[in-house]
Every structure is written in C-alpha cells, then in structure tokens.
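Colleague: the sequence and its predicted three-dimensional model are supplied below.
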Amino acid sequence: MDCVATGGNVKALAKAIHSLSKIGEELYLEPQDNGLALRSVNSSRSAFACFLLSPLFFQRYRTDPDHSFRCKIPIKSVQAVFKSISSLERSVEKCHIQMNSEKNRLTVALHCKHGLLKTHNLSYQDSESLQAVFDKESCANVLRAQPRLLVDAVLHFPLSQEEVTVSVKSDRVWLRNRVEDDADPSRAMMTELCLSAEEFDHFSIGAETSITFCLKELRGLLVFAESSGLPISVFFSQPGSPVVLNVSDSVLEVNFVLATLSEGLSASWTKATKNSSAKTTPPPDDFMSDDMDSYLIAMETSELPGPSVDPQPCTINHRMQLGSESEEEEEEQIDRPPNKKFCSVFFGSVLHNSQLTNQTVQRQQVLASDSEDEQ
Amino acid sequence: MKFRAKMIDVGCLNHFTRVVNTIAKLTKSCVLRLTADNLYFVLSGKVASGGVSMWCELLQVNFFDEYQLEGVSAEANEICLEVSPENLSRALKTAQNAKSVKVKLTKKHCPCLTLAAELPSLSSISRAVTHDIPVDVIPRRLWHDFKEPSMPDFDVSIYLPPLKTIKNVVDRMKNLSHYLVMEANLNGEMNLKIETDLVSVTTHFKDLGNPPWGDDASQSRDPEEMAYARVDIRKLQQFLIGQQVNPSKAMCNIVHKKILHLILLHEDVSLQYFIPAVA
C-alpha cells in the first residue's frame, strides 16, 4: 500500500481518525481496490464505523494486487500522528502513508512547510477484515440534515448523557435524554427537543417510531461531518434495529452503524422476526435470553482464532466473501446460507459459517434486523 | 401553588444565566424561594454544606416580562423549592439565543421546574426545547431555615480588591496550605496569610477603604487593629471561582475569629456568602 493525501484532505483524514477514536480502541485499516477503508468497532460491539476514502481522495493511491493486506493499529498511536488538527492545517502539505513490509511497520510521513518531514513508524497486527452487515436502503425512515442542525440538537444534552431517544412523526422529530434504569427518575433532569421536518433537507417517515442509541458515537461522526460540511443521512426502522448514519460525497463514504435499544425486548424482537419467520427458522429460545445482550449488535471480528494468512479452505471461503463485501457494504449477502443465526449476525460476514455457529451464537443476541427479510 | 414566568429579553436571559451559573459553582443544591417580588437562592449553613451559607436576592421585575405566583396560601404567598442550580444552569445554557424562555412549576413524574425555550430555527417553525428539572417542594414548617440572615455584628468591614486579583493569590496559596487567614482593619488594609511549618506567606492590600455602615461600635475601634478569620481555603476559592456577576461593589465583613461575610452588590442582584472561621 502506498498513498498520498494532500492539502485539505490531510485534515479530512485527521478528522476521520479523531472521529473513529470516539468509537473504539483500534483502527482497522484495509486498502481495497475501491479505496482505503478505515474502520473501528467499540468494545461492546454495539457501534461500528467505516470511512471509505476512494482512490480519488488521494493524490496517489496504490495497492498491491498480489498481496492483500489488512491490519489493526491501536487508535491512540494513529491519533498521536494527527494530534493537533490546527497545526496540521497550518503546516502539513502532504501526508504519505506507506506499508513498510521490510520493517513490518506502517509509515506515515507528514511533509510540512519549510521542508520539515515527520515520519511515524507504527507497529500493527494482522487482522481479519472488519465488516458490518447492514442494509440502509430498506430502512423505513430516512432523515437528512446539515451537520449544524444535529450539532445544535446534540448541544442540548450534557456530555455525560449516554443515550438519546429519537422519536419521529410525519412532520417532526423529538430528541429526549434517556435516564438510566438504575437512576432515580425523580432526580434526573429530562430534556426534550422538538425539531420540525422543515429543518431537514430530506424527511421521509415510513413508520412512526422511537429509537434509543448512544450519543457518543453520533458526536464522533459530527466531528467529521461538521468540519467537512457534508449533510448527514440517518436511516432507521424500529427499536432494536440498527440506525445507520451516512455521510458521503464524491470521494468518500462514511457509515456509522449503531445498535438501538430494544424496549421490551421480547415484544419487539418477536415483531422484528415475525416477517422473516416464513423464510427462515424462528430463533431459538436462548436468542432472547439475556437482556444485556439485547443492547449489543452481535458481531464477529478477528477475535476468533485463526490467522488471516492461514492457507486453509476456510480462509479461501473467507476471502471470497470479503471480495463481495468490500464492493458495497450494504450489499446483500448473496452467498450466505439462509441460516437465520448467521444471516442476522451483524458483523459476521467474514467468518466461516461453522466457526460462527460454534462460537458466537450461544450468547449473542442479535438486534440487527435480518437484512434479508427487508427485501 | 402555581408559578410561571416568562423572559423575552436576551440581556435579561444572559444576566439571569450568569447569576445561576455563579450559584451553581457555589453549591450542588440550594433552595429557590419565590415571592411576589423576588427570587432568592438560599443555602442555610448546615453541617452538610460545611457551615457555609449563601443568600442571593433578585428582583423579579428586572428579569421577567411575565411573572405569576400563587403561593401556598394568601397570607404566605411564597413557594420554596429545593433545586439543583447545576441543572438550572445547564437548562439555561442551551437556551442562550432563545426567543423566549418560560419557567413553570409543573407536576410531571415528580414536581418539576419546567424550563421551555423557543429557539430560532432554519425554518419558519421554531425549535422547542423543554427541560424538566426535578425539585422538592419545601413544606411551610421548614421555611424558617430560609429567612434572610441578619447582618453579623462585625468588627471590621472593608471593600475588597478586584476579585480576580484575590483569586490569583488564593489559587497559589491553596497549593501551600489548607487554611487561609483573612485579616483587615479600619484603615483600609487587608492581608491574606497562610502559615505552615515550612512557610509563611502574606499578601498585603492597602487603601481599600471601609464602607460606611453608619454609627457603629467599630467607630471606637483602633483603626490599625486587625480583625481576622481563619477559613478553609477551598471554600473561599469556591466563592472566587464562581464569580461571573461583575459586582459594582464587593465587600467583606469580618467577625473576629468567627465568620467571614462576603457581599457582592450588583444593581439588581445581591449575593451574600458566609464562611465560618476555624480555630
């Protein structure tokens, strides 16, 4: 991998890193044919973020077609490279990211004014591809707004506020703070903000609903969206299904996928699965066993054993799936067996089927709505 | 028991916000006493609050365009609420450029002070934000705790130098000691002192002037004689940190070895703060 970003795009790259640092501890980096993918997932696996920077984003973008490469890096070390956005903006003219395979280091070189060159060699770990499976196109509700509107809306909630509930009707949207279950409701301040549909660039409500998700990640995306001035699209359907936040322009696409809280788990889960039960087998009982899990998006990444370069059939299978995936994230998983457990595992795309059934299904409740039943 | 008030003027809103921010810096919880003419933020010197007490008085007409109050009864036309000033400050912060702010006493999941702001928007329809701040309604039998404190029989009263200057001094002294001695005399001199086993530091202020309080026993006092109070330096610092209301007058009364009484006067706001002396 060898890519060079210049001018304002260095700042965009830095903002993307900052934005991802609000999500998880590690940055998953994967140079793909359609661009450089930067991803992260939070530790409870209820939030996933992906920045896909197209080859046009870079002045030069080269990947090694013979040697596919992907890695994960502690995000703190990457953040250190892009620490001060203001000084970056002032002085950095060019940012050169290169894979140094001799030293096994990822080299980030910042070419600054006056011929100053800062080179950072970052160590990394091999990793599997991190990929969320989601289908934003089939979401019932789509809102699009300028970042300023959402920034203003979020400002009404304190930084300590963890979750926010968004309710939509055909002509307006409400944001409310969610009080933790263990907090005394008679001590908690309740805040509610009402926005008219007119303030949005696009406002289409197919199903009036209320969803609850974490503010932290939304704030993370706003860091990026506000600096780039790009509108944010919000896709969601119902409580328990993930909400997808999307920011795109001609050279980049950003997707944040956040789990939403499932209120009254069994009820909404039954509802969510009812449609799909004709096509697929109903979920087993342990699927809705643990309430805590309901808040997680079940997902899988490289935590499972098996190195990425393991020359076994399973890896081949994995690679094939990856190929289909990386073209378009939200694309349907055509090559998947119609196994309910597997299909609905949100981040399960890159794993071998049998591996998954063994290791994840017992405890991971899936709230990501099955993308197949939406079609 | 009913209360509702409305603010339209941005200047009033900002001013009210600054007052509430100041209170929020001083205490986690206080009593908001509402009468037909005034609003009071009161902290009575309970042990839990470290013996510190506070009295902040606002004239409602200076802030509100509409103000309706129906107290507990006709002869006790007042409402006393225990409120977290921090919540109030947070709610006001988000309403800074509001077209109007309404404050109401409401009955939600619990008694609440509801602050509803109408905010400008990108469209013709305003944004509406409401904050329900939980409050405890204080029964009448406990009201006696929240009466205006009487002026202590002080030994020395003195005008304070700019609060920022004091704050800079106190911030540094705090690194050296937990306690600070504030002393002053009737000759316009004030000293801030700390004394530890290792170091003694004193900052001297002079020509501060002594407020004329009319005839007093202090008239017969030797102008050079110092009265002092030794106080917890954190409590003084807390008072100085919170100062966002630029006072037109700031003064300090010292009851020798007993109490430090700080008074800030602004045209329509007065804030009194009492810090007990320690041995």
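Modeller: Perfect, I can see it now. Residues are numbered from 1 along each chain as shown, chains lettered A, B, ... in the order given.
Colleague: looking at chain A, what residue ends up closest to chain B?
Modeller: As assessed by CB to the nearest CB, chain B sits closest to A:Glu198 within chain A, at 3.4 Å. Any C-beta I mention is one placed from the backbone N, CA and C, and that applies to glycine too.
Colleague: number of residues surrounding the residue in chain B positioned nearest to chain A?
Modeller: Here chain B gets closest to chain A at one residue, B:Ser123, 3.4 Å apart by CB to the nearest CB. When neighbours are defined as other CB atoms under 10 Å in any protein chain shown, B:Ser123 has 12 of them.
Colleague: how near is the closest residue to it other than its chain neighbours to A:Val151?
Modeller: With sequence-adjacent residues excluded and distances taken as CB to CB, 6 or more residues apart in numbering or on different chains, B:Ser123 is closest to A:Glu198, at 3.4 Å. Using CB to CB, to the nearest Å, one obtains 18 Å as the distance from A:Glu198 to A:Val151.
Colleague: so which of these two has more stuff around it?
Modeller: A:Val151 (16 against 13).
Colleague: and the more buried one, what does it touch?
Modeller: A:Leu222, A:Glu226 (CB atoms under 8 Å, 6 or more residues apart in numbering or on different chains).
Colleague: same thing with the one 3 residues further on?
Modeller: Each residue near A:Val154 by CB under 8 Å, 6+ apart is listed here: A:Val164, A:Leu215, A:Leu218, A:Arg219, A:Leu222.
Colleague: dump those residues to CSV, plus secondary structure and distance to chain B.
Modeller: Below are these laid out as CSV (DSSP: H, G, I helix; E, B strand; the rest coil; distance: CB to the nearest CB, whole Å):
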residue, secondary structure, distance to chain B
A:Val164, strand, 13
A:Leu215, helix, 14
A:Leu218, helix, 17
A:Arg219, helix, 15
A:Leu222, helix, 16
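Colleague: farthest pair within those?
Modeller: The widest separation within the contacts of A:Val154, taken as CB to CB, falls between A:Val164 and A:Leu222 and amounts to 12.6 Å.
Colleague: may I have the phi/psi pair for the residue of chain A closest to chain B?
Modeller: phi -60, psi -20 (degrees, to the nearest 10).
Colleague: OK, contacts around it?
Modeller: By CB under 8 Å, 6+ apart, A:Glu198 lies in contact with B:Ser121, B:Leu122, B:Ser123, B:Ser124, B:Ile125.
Colleague: which one of those residues is nearest A:Asn100?
Modeller: Proximity of these to A:Asn100 (CB to CB) peaks at B:Leu122, which lies at 48.5 Å.
Colleague: per-residue pLDDT, that closest one?
Modeller: pLDDT, B:Leu122: 80.
Colleague: please tell me I have it right and it contacts A:Leu149.
Modeller: Yes - between B:Leu122 and A:Leu149 there is a contact at 6.8 Å, judged by CB atoms under 8 Å.
Colleague: these two: which has the busier surroundings?
Modeller: Neighbour count, other CB under 10 Å: between B:Leu122 and A:Leu149, A:Leu149 has more, with 20 against 17.
Colleague: and the more buried one, which helix or strand is it part of?
Modeller: Counting by DSSP states H and E, the element that carries A:Leu149 is helix A:147-154.
Colleague: what separation do you get for A:Leu195 and A:Val173?
Modeller: A:Leu195 is 5 Å from A:Val173, by CB to CB.
Colleague: who's more crowded, the two?
Modeller: A:Leu195 (28 against 22).
Colleague: before we move on, what SS does that one have?
Modeller: Recorded secondary structure, A:Leu195: strand (DSSP: H, G, I helix; E, B strand; the rest coil).
Colleague: my read is that it contacts A:Ala153, right?
Modeller: Yes - counting by CB under 8 Å, A:Ala153 is a contact partner of A:Leu195 at 6.5 Å.
Colleague: find residues that contact each of these two.
Modeller: Here A:Leu195 and A:Ala153 have A:Leu175 as joint contacts, going by CB under 8 Å, 6+ apart.
Colleague: and the next helix or strand past the helix ranked longest in chain B?
Modeller: The longest helix of chain B (DSSP state H) is helix B:10-26. Downstream of helix B:10-26, the next assigned helix or strand under DSSP H and E is strand B:30-35.
Colleague: quickly list the domain ranges of the chain.
Modeller: Reading this off chain A. Using the TED database, the domain ranges for chain A come out as A:2-126, A:141-259.
Colleague: not what I meant, chain B
Modeller: Per automatic domain parsing, the structural domains of chain B span B:2-146, B:156-276.
Colleague: B:Gln58 in helix, strand or coil?
Modeller: Just so we're on the same page, residue B:58 is Leu rather than Gln. Going by three-state DSSP: B:Leu58 is strand.
Colleague: so what's the residue count around the nearest residue to B:Ser121 once chain neighbours are set aside?
Modeller: Excluding its sequence neighbours, the residue lying closest to B:Ser121 (CB to CB, 6+ apart) is B:Arg127, at 4.6 Å. B:Arg127 sits with 22 neighbouring residues when counted by other CB under 10 Å.
Colleague: just A:Glu217 next, same as before
Modeller: When counting by other CB under 10 Å, one arrives at 25 neighbours for A:Glu217.
Colleague: next one: B:Ser177
Modeller: With neighbours defined by other CB under 10 Å, the count for B:Ser177 comes to 17.
Colleague: again, but for A:Ser123
Modeller: 12.
Colleague: that one and A:Asn104 touch, don't they?
Modeller: Yes - with contact defined as CB under 8 Å, A:Ser123 and A:Asn104 form a contacting pair (7.3 Å).
Colleague: on the three-state scheme, B:Leu105 is what?
Modeller: Three-state assignment for B:Leu105 (three-state DSSP): strand.
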